[in-house]
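> just coords:
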């Protein structure tokens, strides 16, 4: 029997918690001081269902750090090395937040509501403290808060069909990584085409607790024939899709370049970002790589070897039922990631050969083809 | 069956994790992105043992925010409204950290190692981000880090006896809320007489992962005859003792006065603290109070009523086996905390009368006497 999670007021409930429990959640994690479901049936059963149908995810733990006031854009730009100057209203940006040495603070989605009104939809660190600290020290004319907004993600190939039944064909007009305000039960809700899977879907930013159960129940009644289920960010799917998790795959000591986020750093832009000067000079010591192992392994430890040398540390790993390979991410010494090395990990049965590849995995170029669940 | 905790690299393990598992941990919580054991046998069995013997607690999640450099004392004082100017080397201070509006950021123990070297031993928020944000904005000459230090608490009436067997009689010289550097296995470890219980004990700041299992095992072999067990912060004991939990009993919207931390705010001192100007003016709207109920209750919700009016919110509650009363903390509207009101809570069986009292509970003045475990 694995240890339980002891739930307290500190590990906050959400407006969907009663429904999550009723759907038989089997495991939680804690994320931003809040309950995040982690397993409903099993990792693998949840995985196949996500890839084939539609799921409703309580991702309330993606808290919003809200920045308002005349210096809002200035503060947001200070925090991220990604150029925000061309951001359009309602657009969503995946953007690393970095400190003055170029170390990552978080990897949120930034949403611009207007020039003086932004949301930072955060991963698992208290970004509000970083934003407030900078605002106080630099005497910026902003207000930084963490309002109670509880995102509900609708993920999977049938997500659009399901939302159309509640919100009309207007849903189809929302482009990838854009958001739109929609009416629901007398309230205005922001809905974005986004989410922490590569199966397609939306995130609904629920802004009134009494809407939680109502919206959940409507999604389940309108989605019954589609086989809608409660779900959650899925370990297998996110590894196959190359989605990173802050605190696991990267942390305060990691630069965006070290976890492959090069395209989200605007080194050449004429912007005032705290981290850009440091990022121009900071050496890249490690690189987050994909690892492919031909057999299912139970790892003895999380080290990756080349010969007798320890050259990396596995940050997450799973058996992929779709590609029938064991997949992992590993933080590797950049001096040892040429593809000619003989890599291996230590399983409970001894050495097992491993291949290193870029992230996200390109299964076709690896010669891997997908099996279905049948 | 209660939901499990799904453990990942994000919910960090500690140097004691293998031992915690071997001791049969039944429940965890997550605290500062790290595993914190929450139950070993049962809350009540763990409780009685803590009050009568000695326990070893893996409280690695009490992370240290380390501040070094010429402006260290200045930054620490900016963050807390408690006067730090008279702090002695090795002294430990329980101190609220507050923002410029007087809202609490955290309630850590601050330890002064020297004028230019401080530790903030934190509760469950990322204080490093607040400290770094302020340091960056105010251009302070400091370095702010979160080094890998894993506190191990030895708590219970036999804690001193146990530590004397490992660290000699020198242990007895450590006064309450002072620390001392002691030698162990070729390393220098800081040991403080402190800990999150009122049963007495120490916290050992383990600074090398390889010492974790060694020290744990020695504590268990030397403490065998004392009946030493693995333990953890205990919900029953902490409520009886009036110990507050950040994120549960208080949060960013709470001032120190609202949770009874008046004595840790130096309003009259000549110090440069961010929050003092605001705290001088900030109205006290709620107050964290103790609640006593004559029977064991299963609460239907967390509201506290007086007549038809909802006047408070229960932040934590437990049956006290020692005082044979149900005890709770509640955040109460200050306009309704005179002792003449008819208070009640709603249990699953209906209204149950409640009494309001100051925290920490003064059981004698409440006419309550303790029963023992037999």
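Sure, I can see it. Because the structure is predicted, anything quoted here is derived from the model rather than measured.
> so how far is residue B:140 from whichever residue of the stretch 101-250 of chain A sits closest to chain B?
For the stretch 101-250 of chain A, the residue closest to chain B is residue A:137, as judged by CB to the nearest CB, at 1.4 Å. Any C-beta I mention is one placed from the backbone N, CA and C, and that applies to glycine too. Going from residue A:137 to residue B:140 by CB to CB, to the nearest Å gives 8 Å.
> Not counting sequence-adjacent ones, nearest residue to residue A:348?
Spatial nearest neighbour of residue A:348, chain neighbours left out: residue A:298 (4.8 Å); criterion: CB to CB, 6 or more residues apart in numbering or on different chains.
> Which pLDDT value goes with the one you found?
Per-residue confidence (pLDDT) for residue A:298: 94.
> tell me the contacts of it?
The contact partners of residue A:298, by CB atoms under 8 Å, 6 or more residues apart in numbering or on different chains, come to A:347, A:348, A:349.
> before we move on, what about residue A:173?
Taking CB under 8 Å, 6+ apart, we find residue A:173 in contact with residue A:180.
> mind checking pLDDT for it?
With respect to pLDDT, residue A:173 scores 97.
> What distance do you get for it to residue A:153?
19 Å.
> Show me the domain layout of chain A.
Chain A breaks down into these structural domains: A:17-62+A:149-239, A:64-145, A:285-374 (assignment by automatic domain parsing).
> For my notes, please list those domains in a markdown table and give distance to residue B:364 for each entry.
Listed next are the domains of chain A as a markdown table, based on distance: least, CB to CB, whole Å:
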| stretch | distance to residue B:364 |
| --- | --- |
| domain A:17-62+A:149-239 | 36 |
| domain A:64-145 | 40 |
| domain A:285-374 | 53 |
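> Out of the ones you listed, which is closest to residue B:328?
Comparison of the domains of chain A against residue B:328 by CB to CB identifies domain A:17-62+A:149-239 as nearest, at 20.5 Å.
> List, one by one, the residues from the stretch 101-250 of chain A near chain B.
A:105, A:124-139, A:146, A:235, A:245-249 (CB under 8 Å from any CB of the partner chain).
> neighbours around residue A:241, how many?
15 (other CB atoms under 10 Å in any protein chain shown).
> now the most centrally placed residue in chain A: how far from residue A:12?
Centroid check for chain A by CA atoms, centre = their mean gives residue A:196 as the closest residue, at 4.7 Å. Plainly put, residue A:196 is 19 Å away from residue A:12 if you go by CB to CB.
> Ok, residue A:181 next?
Separation of residue A:181 from residue A:12 (CB to CB): 26 Å.
> Then residue A:324?
Separation of residue A:324 from residue A:12 (CB to CB) stands at 39 Å.
> Looking at the two, which one has more neighbours?
Neighbours were counted for residue A:324 and for residue A:12 using other CB under 10 Å; residue A:12 has more, 20 against 14.
> That one against residue A:34, yeah?
Yes. Assessed by CB atoms under 8 Å, residue A:12 is found in contact with residue A:34 at 4.3 Å.
> about what we covered before: isn't the residue of the stretch 101-250 of chain A closest to chain B up against residue B:132?
No. Residue A:137 sits out of contact with residue B:132 when judged by CB under 8 Å, with a separation of 9.9 Å.
> Those two: which has the busier surroundings?
Set side by side, residue A:137 and residue B:132 show more neighbours around residue B:132, with 30 against 19, by other CB under 10 Å.
> List the buried residues of stretch A:322-331.
A:322, A:323, A:325, A:326, A:327, A:328, A:329, A:330, A:331 (16 or more other CB atoms under 10 Å in any protein chain shown).
> With respect to residue A:268, which of those residues is nearest?
Residue A:268 lies nearest to residue A:331 out of the buried residues of stretch A:322-331, by CB to CB, at 27.0 Å.
> Verify the stated contact: the closest one with residue A:312.
Yes. Applying CB under 8 Å as the test, residue A:331 and residue A:312 come out as touching, 5.8 Å apart.
> Quick check: neighbours shared by the two?
With CB under 8 Å, 6+ apart, residue A:331 and residue A:312 have common neighbours residue A:286.
> in the stretch 251-374 of chain A, what residue is nearest chain B?
Nearest residue of the stretch 251-374 of chain A to chain B: residue A:315, at 5.5 Å (CB to the nearest CB).
> who's in contact with the helix or strand where that residue lies?
Assigned by DSSP states H and E, residue A:315 belongs to strand A:309-320. The contact list for strand A:309-320, computed with CB under 8 Å, 6+ apart, reads A:43, A:235-236, A:239-240, A:245, A:248-249, A:286, A:288-289, A:291, A:296, A:299, A:302-305, A:325-333, A:335-337, A:341, A:343, A:345, B:8-9.
> joint contacts of residue A:137 and residue B:140?
residue B:134.
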